[in-house]
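Peer 1: I'd like to go over a predicted model; first the sequence, then the structure.
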Amino acid sequence: MAEQTQDPQTAFERVQLARHPDRPYTLDFVERLFEDFTEIHGDRRYSDDSAVVCGFARFHGMPTLIVGHQKGRDTKQRQFRNFGMPKPEGYRKAIRAMKLAEKFARPIFTFIDTPGAYPGIDAEERGQAEAIAYNLREMAKLTVPVLVTVIGEGGSGGALAIGVGDQVMMLENSIYSVISPEGCAAILWKDSGQAARAAEELRLTAKDLKSEGIVDQVIDEPKGGAQNSHDEAARLLDVALCERLAESSTHSVEERLTRRYQKLRQMGKWGTRESTNP
């Protein structure tokens, strides 16, 4: 695929970049930013879920935990990773690993990149909604630093289930929304072809969410998007993670929990913008 050299101008162009097939995924960043990565498998209740990757590693020599969504590059990998859409066992694996990190006082890095939680009947039968809700509650109580980065798509509860943290960051061309632009357009205007209009109204870009106070930092990407240089994207992310981890580590446990709870509540703020339509 040809390299994109122009930065996106519209919200929907950023949506397309967030979904770019060559965009770096969680394991691409793990390879470039962490050492001695040892993956954790299984939720100890049902099975493993390859749409969620968990493992201990070292970040600049510091023992840490990594939790992230993982998509696939080709058809076989996409099927194996379920297109980055976790089932309940993926979220239960994630919180199991996070509590293990808390036990050993290790900071947690989470990387969000999913169109949403898997909506299949089997996932619902095994308690998809309960698994997401449980993660929200338990992540809010973790005593160790939790740093969240949206690296691609941040789709609804499927993203939020590993998105409760002290610091929430987004890569410049990532998105974070309660619904996809296509889904929103289909509901509001009965026409998924109006996805570009919906993307603007949803205010799902990193810049929009930073202005709303939902995310703390927008991380620059290489010109044209992170897909153009995984190494440069990782370098820029590395700088942000170091700074935010240092900041979060200075907070007491009580302060950390208070700030995290307030941040979670901020996501539920309801507001309206003045309409430009007559």
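Peer 2: Received the coordinates, thanks.

Peer 1: residue 115 touches residue 82, doesn't it?
Peer 2: No. At 10.6 Å, residue 115 does not count as touching residue 82 under the criterion of C-beta atoms under 8 Å. All C-beta atoms are positioned from the backbone trio N, CA, C, and that covers glycine.

Peer 1: quick one: contacts for the residue nearest to the spatial centre of the chain?
Peer 2: In the chain, the residue lying closest to the centroid (C-alpha atoms, centre = their mean) is residue 112, at 1.7 Å. By C-beta atoms under 8 Å, 6 or more residues apart in numbering, the contact list for residue 112 reads 68-69, 148-154, 159, 162-163, 174, 176.

Peer 1: one more time with 10 Å
Peer 2: Shown in contact with residue 112 (C-beta atoms under 10 Å, 6 or more residues apart in numbering): 26, 67-69, 84, 148-155, 158-163, 168-170, 174, 176.

Peer 1: and what of residue 116?
Peer 2: Listed by C-beta under 10 Å, 6+ apart, the contact set of residue 116 reads 83-86, 153-159, 177-180, 183.

Peer 1: now do the SS call for it.
Peer 2: In three-state terms, and counting by DSSP: H, G, I helix; E, B strand; the rest coil, residue 116 is coil.

Peer 1: would you mind measuring from it to residue 156?
Peer 2: To residue 156, residue 116 is 5 Å away according to C-beta to C-beta, to the nearest Å.

Peer 1: common neighbours of these two, please.
Peer 2: In contact with both residue 116 and residue 156: 177, 178, 179, 180, 183, using C-beta under 10 Å, 6+ apart.

Peer 1: quick one, strands of the stretch 101-250 of the chain?
Peer 2: 108-114, 146-155, 167-171, 175-177, 217-219 (DSSP state E, counting those that start in this stretch).

Peer 1: adjacent strands (with direction) for the longest one?
Peer 2: With DSSP bridges as the criterion, the sheet partners recorded for strand 146-155 are strand 108-114 (parallel), strand 167-171 (parallel), strand 175-177 (parallel).

Peer 1: pick the one among the shared contacts of residue 116 and residue 156 closest to residue 249.
Peer 2: Ranked by distance to residue 249 (C-beta to C-beta), these are led by residue 177 at 30.4 Å.

Peer 1: having no further points to raise, I will conclude here.
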